[in-house]
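In: Sequence plus predicted model, see below.
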Amino acid sequence: MANGKNKQTTINNINQLNLEIDYDKLAEAIVKAQEKAKVKDNKPTEKVKLFPAIWKILKGESSKDGRFLSEPYKLIIGSIYRTIAIVGFILLILFDVAFVIEFTKLSWQGWQIGVNIIAAIIILAASVSLFLYMLIFWGAANDLKHEDNKEYVINVFSGLVSVAALVVAIIALFKGIG
């Protein structure tokens, strides 16, 4: 910079800018990035085995890819999601059985026929919604089991804990009011 060769110049006129793109270089860069991503994705991930992991922890070693941190969170979140799905399935069965029992006791005369049919449609929609939510939680547990990004796993765990804290706070608020 002492002799002025590398001095930056400010261009005030847009016509002087060179806005040409070398598409061949851009295509090569994209292909290289895709190949690099494929090589990274094809790297086999090994599962953490319990007793070797315990031995490593006791020796004071750490995992190379953060598995000691993310695997327990995956296990906890997966268990919670599966429990929610199982409880939802049990509630769905109980809900539908109770509906069928009450539905057979209804009066089917006059204007009550239309009300009964509308009630049946609403109950059916609620049952389908509960079933879909159950499937979503079961699928989320399956997806999380195969997740390798430890930051994502920890963020999901933090979100789950936040929702649990919110539920506890709302229950405490209503208990304090009542």
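Out: On my side now, so go ahead. Residues are numbered from 1 along each chain as shown.
In: who's in contact with the spatially most central residue of the chain?
Out: For the chain, residue 140 is the residue whose C-alpha lies nearest the centre (CA atoms, centre = their mean; 5.9 Å). Neighbouring residues of residue 140 by CB atoms under 8 Å, 6 or more residues apart in numbering: residue 81. C-beta: built from backbone N, CA, C; applies to glycine.
In: Do a quick rundown of the helices in the protein.
Out: 23-41, 50-59, 67-105, 112-145, 150-177 (DSSP state H).
In: Need these in CSV (columns: mean pLDDT and distance to residue 7).
Out: As requested, these are exported to CSV (pLDDT from 0 to 100; distance: least, CB to CB, whole Å):
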stretch, mean pLDDT, distance to residue 7
helix 23-41, 79, 27
helix 50-59, 74, 56
helix 67-105, 87, 50
helix 112-145, 89, 55
helix 150-177, 88, 43
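In: Out of those, which gets nearest to residue 8?
Out: helix 23-41 (23.3 Å; CB to CB).
In: how far does the closest one sit from the chain's center?
Out: How far helix 23-41 lies from its chain's middle: 28 Å, per CA atoms, centre = their mean, to the nearest Å.
In: How about residues contacting that helix?
Out: So helix 23-41 is contacted by nothing (CB under 8 Å, 6+ apart).
In: that older thread, columns distance to residue 8 on top of the helices of the chain, output as TSV?
Out: Below are the helices of the chain laid out as TSV (distance: least, CB to CB, whole Å):
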stretch	distance to residue 8
helix 23-41	23
helix 50-59	53
helix 67-105	46
helix 112-145	49
helix 150-177	38
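In: Return the set of buried residues in stretch 118-132.
Out: By neighbour count on 16 or more other CB atoms under 10 Å, the buried set for stretch 118-132 is 123, 130.
In: Alpha carbons of that stretch, as PDB, please.
Out: This file holds the C-alpha atoms of stretch 118-132, laid out as PDB (Å, rounded to 0.1, in the frame of the first residue of the first chain):
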ATOM      1  CA  ILE A 118     -73.700 -33.600  14.000                       C
ATOM      2  CA  ALA A 119     -72.400 -34.800  17.400                       C
ATOM      3  CA  ALA A 120     -71.200 -38.000  15.700                       C
ATOM      4  CA  ILE A 121     -69.300 -36.000  13.000                       C
ATOM      5  CA  ILE A 122     -67.700 -33.800  15.600                       C
ATOM      6  CA  ILE A 123     -66.600 -36.800  17.700                       C
ATOM      7  CA  LEU A 124     -65.300 -38.500  14.600                       C
ATOM      8  CA  ALA A 125     -63.300 -35.400  13.700                       C
ATOM      9  CA  ALA A 126     -61.900 -35.300  17.200                       C
ATOM     10  CA  SER A 127     -60.900 -38.900  17.100                       C
ATOM     11  CA  VAL A 128     -59.100 -38.500  13.700                       C
ATOM     12  CA  SER A 129     -57.300 -35.500  15.100                       C
ATOM     13  CA  LEU A 130     -56.200 -37.300  18.200                       C
ATOM     14  CA  PHE A 131     -55.000 -40.200  16.000                       C
ATOM     15  CA  LEU A 132     -53.000 -37.900  13.800                       C
END
